[in-house]
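Novice: no sequence for this one, just the structure:
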């Protein structure tokens, strides 16, 4: 299942205002964010649509997709399989307490350089 998708935008505040208005009929709202860096919209079922500025150095990329998996073992296995398939390592499997208390994830760069994540946020 896709947990969240993040896209790069040219003007973060303009895009935030656009999505806030465009999402009204869908009842999607800003869930959290950081002024000048990113905004996350709750799109239901625990999933997020995020917009961000990416004029920073990696690991940020123009497109980021995070797949929600069932276990830490699946995160580890995805990371190994992706590297064996030719992905670039963008973050080894491990805890990400800055994201959430029980967040465990890995990051790889696909052949086009997009940041692909496998993650679990255990409750």
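Specialist: Now that the structure is in, tell me what you want to look at. Keep in mind that what you see is a predicted model, and the values were worked out from it rather than measured.

Novice: Going by C-alpha atoms from here, please, whenever you check contacts or count neighbours.
Specialist: OK.

Novice: pLDDT weak spots in this structure?
Specialist: Across the chain, the ranges flagged by pLDDT under 70 are 55-60.

Novice: what packs against the longest helix along the chain?
Specialist: Using DSSP state H, we find that the single longest helix of the chain is helix 72-84. Packing contacts for helix 72-84, counted by 3 or more Cα pairs under 8 Å, 6 or more residues apart in numbering; DSSP states H and E, involve strand 88-95, strand 103-109, strand 115-121.

Novice: And the residue in the chain sticking out farthest from the centre, how close does it get to residue 79?
Specialist: No residue in the chain sits farther from the centre than residue 25, which is 24.0 Å out by Cα atoms, centre = their mean. In this view, residue 25 and residue 79 are 38 Å apart by Cα to Cα, to the nearest Å.

Novice: And for residue 111?
Specialist: Residue 111 sits 14 Å away from residue 79, going by Cα to Cα.

Novice: same deal with residue 103?
Specialist: 16 Å.

Novice: More neighbours: these two, which one.
Specialist: Using other Cα atoms under 10 Å, the more surrounded residue of residue 103 and residue 79 is residue 79, with 26 against 17.
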